[in-house]
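Undergrad: give me a 3D structure for the following:
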Amino acid sequence: MASAWFEKKEGKDYITDQGNLIIDADFGLIEHPAVLDEQLNKIVGVVEHGLFIGLAHKVIMIKDGEAITFAV
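TA: Model prediction:
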């Protein structure tokens with residue numbers, strides 16, 4: 001189960017240049033990202049999400065101030 005919240009900017013809901021709200025979600029460990037990708041893409045109103053299935057070949061993330069890189 002995910003928790004979700006509206007992204008805020010200066011205390012107000014963040015609205016993109018195209019007039020869309022940004023909703024952040026924490027799904028925890030995503031065991032089947034391709035399935036989640038399909039499910040999110042089927043939700044009416046979801047414009048984009050941050051899963052880059054089939055697009056990214058390298059992940060760069062920061063943990064405890066240190067960059068971690070790995071191939072996917």
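
Undergrad: quick check: residue 8 touching residue 21?
TA: No. With contact defined as CB atoms under 8 Å, residue 8 and residue 21 do not form a contacting pair (10.6 Å). All C-beta spots, glycine's among them, are computed from the backbone N, C-alpha and C.

Undergrad: show me the common contact partners of these two, please.
TA: residue 14 (CB atoms under 8 Å, 6 or more residues apart in numbering).

Undergrad: how near is the residue nearest the centre of the chain to residue 10?
TA: The centre of the chain sits closest to residue 50, judged by CA atoms, centre = their mean, with a distance of 3.2 Å. Plainly put, residue 50 is 22 Å away from residue 10 if you go by CB to CB, to the nearest Å.

Undergrad: ditto for residue 28
TA: Applying CB to CB, one obtains 29 Å for the distance of residue 28 from residue 10.

Undergrad: beta partners for the nearest residue to residue 21 once chain neighbours are set aside?
TA: Counting by CB to CB, 6 or more residues apart in numbering, residue 21 lies nearest to residue 13, which is 5.7 Å off, once chain neighbours are set aside. Beta-bridge pairing of residue 13, defined through DSSP bridges, involves residue 8.

Undergrad: re earlier: quickly find the element holding the residue nearest to the centre of the chain.
TA: Using DSSP states H and E, residue 50 maps to neither a helix nor a strand.

Undergrad: in this structure, which helix or strand is least confident?
TA: Considering only helices and strands, the least confidently modelled element of the chain by mean pLDDT, DSSP states H and E is strand 58-63, at a mean of 90.

Undergrad: for that strand, the distance to its chain's centre please.
TA: Centroid separation between strand 58-63 and its chain, computed with CA atoms, centre = their mean, to the nearest Å, is 14 Å.

Undergrad: again, but for stretch 17-31
TA: For stretch 17-31, the distance from its own C-alpha centre to the chain's C-alpha centre is 5 Å (CA atoms, centre = their mean).

Undergrad: quick one: mean pLDDT over that stretch.
TA: Model confidence over stretch 17-31, given as mean pLDDT, is 92.
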